[in-house]
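Q: Provided below for reference: sequence and predicted model.
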Amino acid sequence: MLQLERKPLARETAQNQIEAGGGHVVEIPGESDWRDAAEQVRDAVQVDIRFSSFKDGRGFTLATQLRERAGFTGRLRAVGDLIPDQARYLHRVGFDDVAPERTDLAADWAKARARFSHAYQPAQDKVTPIFRHRQARPGDDLAALNARYRGADAADILRDAIRNEWAGRIAVLSSFGAEAAVGLHMIARIAPDTPVIFLDTGRLFAQTEQYQRALTETLGLTNIRMLRPDAGEAAAEDGDDRLWQRDPDACCALRKVRPLDKVIGEYDALITGRKRFHGGERLALPVVERINGRIRVNPLASWDAEKVNAYFQRFDLPRHPLSDMGYASIGCWPCTAPVQDDGDVRSGRWAGRNKTECGIHTPSRIAAE
Amino acid sequence: MKAITANRLTDGRVIYRTVEGQWSTDLAEAERLDSEEADARLAEAEGEFGVAVGPYLIEVEDDRPGGQKWRRETIRLTGPTTGSTHRAA
Amino acid sequence: MYKYDTYDHSLVRERIDEFRDQVERRLDGRLTEDQFKPLRLMNGVYLQLHAYMLRVAIPYGTLNGPQVRTLGHIARTYDKGYGHFTTRTNIQYNWPKLVDIPDILEDLAKVEMHAIQTSGNCIRNVTADPFAGAAADEIEDGRPWAEIIRQWSTFHPEFTFLPRKFKIAVNGAGEDRAGIRVHDIGLQIVRNAAGETGFEVWVGGGQGRTPRLGRKIRDFLAPEDLLSYLTAILRVYNQHGRRDNLYKARIKILVEALGAGEFGRQTEEEWAHIREGELKLPAAEIARIRAFFDAPPIAEATAIPATGRADFAQWLRRNRRDHKVAGLSSVVISLKPVGGAPGDITADQLDAVAGIAERYGFDEVRATPDQNLVLPHVRNADLEAVFDALAAAGLATANAGLATDIVACPGLDYCSLANARSIPIAQAISSLIEAEGLAGDVGDVTIKIDGCINACGHHHVAHIGVLGVDKRGEEFYQITLGGAFGTDAAIGNIVGKGLAGDDVPAAIVRLLRTYLEIRDENERFIDTLRRVGDEAFKESIYVAA
């Protein structure tokens, strides 16, 4: 039996009733008119709609009508000649469950069910259709969210963001740099399968690569999403490996901004580890902000160096191998230097240039217009 | 005489069934079947999985497609008759 | 034009992954051909006579330069160097390998294109006026509505396994250039007494074996109710459309069986329950989509250039159209070189069109139901440069709307459903008309050719229709007269027994000569035909046959 995970409570109640011998199960053909069907299913706890052929789509409208017009709230099960590629359609029109004739394709059914992240139309699964998301997105009310998170613990902000506010539509952006272990440790305790986006620029310190592997293992993170620059673009734009020298902005665009842009649409919100004490443009960093129309959550915005250190000690977190060598902020090796005594933590990044951000946290020029 | 033809699953190209039960793009290599054996061989081909899509019988006369579907099968064998307009760029 | 946001991008990408997976499962046996066929069709993949065919969606016929260039890249890389524009304003490739198609889809996705629902028993690509946003007679641009319908219909959970294919047209101009009466649903944008725009709703049109013109079931539908109303129509159809007979499964048969009045009543009954629900379009979303379809750019109001060049003058006369903005014109790029295959275009020509559109055409190209292309916005001052650039690419045939501008389905040269060839007949007819020097004198006339009764070549709605049939292994062609596509839509009448293929071009030439003899001054072919009836023409078709 392949569950479609709909209305778990109703389903369980119905299942218990059926198992206790109390329920009444009715099977109707998919070609039934919904008005006739509504009469037959009135007292049923479960209705099986039989598909004589997977090509005959009447059962999809019938299920919709039983839910929408007849108000049927019991279990709906699709039975008969059905194929995995229909899993999502069945779920969307109101089926809780499916019993296909061919029973050896559970993995294909599960995969098909989870294939699409969004839907254009409203349906019985009550998923918010894309056109409402588009309307809702500007309504992600920044002021209200920031007010709610004011003074909250970073871990509480993260828990709410990951489990509630943007559940299933949120990822972490991590450099696996000097302070990264703090936020990642909190996330690992909340939901270790939260996607962690890691930009492998091809210019990372070997120590960063090593640290990324070690920290992932230690914390038990299960969903690292490694993004690399497009090989063709890299060959075309940086054939001599000197782009960082000639035009660091173009290099960041190639190695960080564009790879991230390609996947950013999959998430409504990204968590970052940026903090106000980093200085520069980050001095006014809010907990929740919108960049190019998408939410960034910065749960550690108000943390200072002391608090970061204390957290490392309290949970005995491993340090980035370079942080003991004076690197307070760690990016790509050509553009990162240790911090001089009086500099702020990011002063070793693009040192000597009028550049403080790589571009992944700044609004694009197009969006700013 | 008859032969068995189909389209190849991976690329859709026209294929014919050989004596060995393999498939060839060359009609000359197709197994020639008389009416009695044709249906049995077709059933065999239909029962196989993997190479061919939608096998069916065609008429063959003098090593060329024959019968009422001769034109369709000739076009399948030798390509569109639309002339030089498709000179590829 | 519409620009994908992250939602659109991710759905298209997820669809490619799904198709790649479906191909894998077909190859390893988890899907049978019977199961795979409807799945591949819903992604535009047919198995034709020689190979697979991939039909790429051109939503409401609108393209930009990079998209056209990508179409050329695909023709060159995965096909035999050409593509074929269809009467449903899509493009199809005749030779891709099944195993290459996921990669082709990746290339398409990079320029916001796909092959979703270009076939199968689902809601297909929406047709719109190819001159939308440019035409001088436009009430409102229909494309924002076509885009709204595209999104609503994409992966629709309820309407993906319909009794049969389902086609919707939106026309926003005074003249119907989208063909609303020959679509399953036709939406005509109208203005009510209060000056608000909305839709007239026509249902049950279609060609094929049983050609029918759509019937009007609503005079005015408020725009925000569009999706709930369409849903109501589709629900009635999905539940009650016939599934026992392939040839009686289209909505036109249901509308005819119930009567348009009863069909409308059932639709309204269902609609009453859902019109105030989730499908009501928020004004902000309508505005958001509309904003992508900008008003045409303002140009200096230069006049149409005077010219001493006969070729350019002829092209201006036949292929230029008035634009709603002074100083701009629309131009038709004919894909009907005399003796050529209608709608075919080479990879190099696609590149040329992309370049011309980017340089002179505000980066817009349209595909038309006549298998031509249109540059909707061209500065009058650039017309000569456009003509020269098109001529250099072999795309300046000055025959838009003439007898040599013939529409033809792929026919038996490619299609596994066809009974007879169509392209060679089109080639022979246009060559003979040209050799006889008739096209200019005859002027506006439509000739459309089909290789089977499914009528992808629209012969039912041609002034002169040609339908190929097979009689014991030989090709014969029936002539129909008096059909029309658009505002004066009509289904043509079969005039008599079929002709052998070799006799068709001469019969058409005699028919056109008869028209020249009996026409009143300045009377178009179709008007003469309507005035005098079929008989006079019938004689000329059969006189020497």
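A: Looks like it came in fine.
Q: where along the stretch 301-450 of chain C do the helices fall?
A: C:310-319, C:347-360, C:383-392, C:423-435, C:439-442 (DSSP state H, counting those that start in this stretch).
Q: Any figure for the gap between residue A:349 and residue A:339?
A: Here residue A:349 is placed at a distance of 9 Å from residue A:339 (C-beta to C-beta, to the nearest Å). (C-beta placed from N, C-alpha, C; glycine too.)
Q: Neighbour count: those two, which is higher?
A: For residue A:349 versus residue A:339, neighbours defined as other C-beta atoms under 10 Å in any protein chain shown are more numerous around residue A:349 (24 against 18).
Q: who's in contact with the more buried one?
A: A:329, A:331, A:335-337, A:355-356 (C-beta atoms under 8 Å, 6 or more residues apart in numbering or on different chains).
Q: What of residue C:393?
A: Going by C-beta under 8 Å, 6+ apart, the list of residues near residue C:393 reads C:348-349, C:352-353, C:356.
Q: in these, which two residues are the furthest apart from each other?
A: Taking C-beta to C-beta, the two most distant members of these are C:348 and C:356; they sit 12.6 Å apart.
Q: of the two, who's got more company?
A: Shown here are residue C:348 and residue C:356; by other C-beta under 10 Å, residue C:356 has more neighbours (26 against 17).
Q: Could you give the number of residues near the nearest residue to that one once chain neighbours are set aside?
A: Leaving aside its sequence neighbours, residue C:356 sits nearest to residue C:389 (C-beta to C-beta, 6 or more residues apart in numbering or on different chains; 4.9 Å). By other C-beta under 10 Å, 18 other residues sit near residue C:389.
Q: Any idea how far stretch A:94-113 is from the middle of the chain?
A: In terms of C-alpha atoms, centre = their mean, to the nearest Å, the centre of stretch A:94-113 is set 25 Å apart from its chain centre.
Q: Now it: buried residues?
A: Buried residues in stretch A:94-113, counted by 16 or more other C-beta atoms under 10 Å in any protein chain shown: A:94-98, A:100, A:105, A:108-109, A:111-113.
Q: Just give me the closest of the residues you listed to residue C:439.
A: Looking across the buried residues of stretch A:94-113 and measuring by C-beta to C-beta, the closest to residue C:439 is residue A:112, at 53.7 Å.
Q: Now for the closest one: which residues touch it?
A: Contact analysis of residue A:112 by C-beta under 8 Å, 6+ apart lists A:84-88, C:18.
Q: Chain B: helices as residue ranges?
A: Secondary structure of chain B (DSSP state H): helices at B:35-47, B:70-78.
Q: Let me know which of these is tucked in deepest.
A: Stretch with highest mean neighbour count among the helices of chain B: helix B:70-78 (a mean of 18; mean count of other C-beta atoms under 10 Å in any protein chain shown).
Q: For that helix, give me every contacting residue.
A: Contact with helix B:70-78 is made by B:5, B:14, B:27, B:58-59, B:61, B:64-65, B:81, C:49-50, C:412-413, C:473, C:475, as judged by C-beta under 8 Å, 6+ apart.
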